[in-house]
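Trainee: Please work out how this folds:
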Amino acid sequence: VNNCVGFSNYKFFMLFLAYSLLYCLFITATDLQYFIKFWTNGLPDTQAKFHILFLFFSASMFSVSLASLFIYHCWLVCKNRSTLEAVRAPVFRHGTDKNGFSLGVSKNFRQVFGDEVKYWPIPIFSSLGDGCSFPTCLVNLDPEQPSSPTGSNPANKAAAEGRQFPSKPLRESQSRLLSSTPSWSESDGAADKDKKGASNPGMTIENEA
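Mentor: Alright, predicted model coming up:
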């Protein structure tokens, strides 16, 4: 893999786990008969029998660890989640939703491996999407995500777009400031007029005097 696992190499990581697991299981199965002969003294007394013992234990231990990791990532693929989303649910406008990106097992699997079955077992990039935006199964769509392919019904789409989220009410101090802003400008204008009107007679009186 030689990199962090993400959108561009998640399929390669899954194939790496699958082929590594098959390889370890193959070694364990083919080495099992010699492992049994080792304990029954059926092997010649050479250093090679210790190599057989080490090979069987290492292959079997790697098989267990790879199987657990591969099964876990298969579950993540079926749920259309990453390891980060498995630990902490993604946040949308309506709140957290751990199944927000799940489109069903079949579509979730095709998000990673693509639509063409012939490319599934081959290490060729065939994942769907661009890695920047992802479809969701939410009724109230997130503005940063494209519309879900399942919501193709125009009536449902219009209903989803027409549904507004409740806006957060303003605090009393903010409401008072907003409502008093026009009055400040009007009162300032009236005060300026009063000052001008009051100053002009004074000036004429002084001039006449």
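Trainee: which is the next helix or strand following the helix or strand hosting Phe70?
Mentor: Using DSSP states H and E, Phe70 maps to helix 48-79. Heading C-terminal from helix 48-79, the first helix or strand you meet, by DSSP H and E, is helix 83-87.
Trainee: Give the rounded mean pLDDT of the following helix or strand past that next one.
Mentor: Of the helices and strands lying after helix 83-87 in sequence (DSSP H and E), the nearest is strand 91-92. The average pLDDT for strand 91-92 rounds to 88.
Trainee: just stretch 40-53 next, same as before
Mentor: In the prediction, stretch 40-53 has an average pLDDT of 78.
Trainee: This structure: strands as residue ranges?
Mentor: For the chain, applying DSSP state E gives strands covering 91-92, 95-96.
Trainee: ok, Leu76 - contacts?
Mentor: 82-83, 86 (CB atoms under 8 Å, 6 or more residues apart in numbering). C-beta coordinates here come from the backbone N, C-alpha and C atoms, glycine included.
Trainee: of these, closest to Phe125?
Mentor: Ser82 (17.6 Å; CB to CB).
Trainee: which one is that closest one nearest to, not counting chain neighbours?
Mentor: Leu76 (6.9 Å; CB to CB, 6 or more residues apart in numbering).
Trainee: What does the pLDDT read for that neighbour?
Mentor: Note on Leu76: pLDDT of 95.
Trainee: Would you tell me which of the strands of the chain gets closest to Gly42?
Mentor: Closest approach to Gly42 among these is made by strand 95-96 (59.8 Å; CB to CB).
Trainee: What are the contacting residues of the closest one?
Mentor: Against strand 95-96 from outside (CB under 8 Å, 6+ apart): 89-90.
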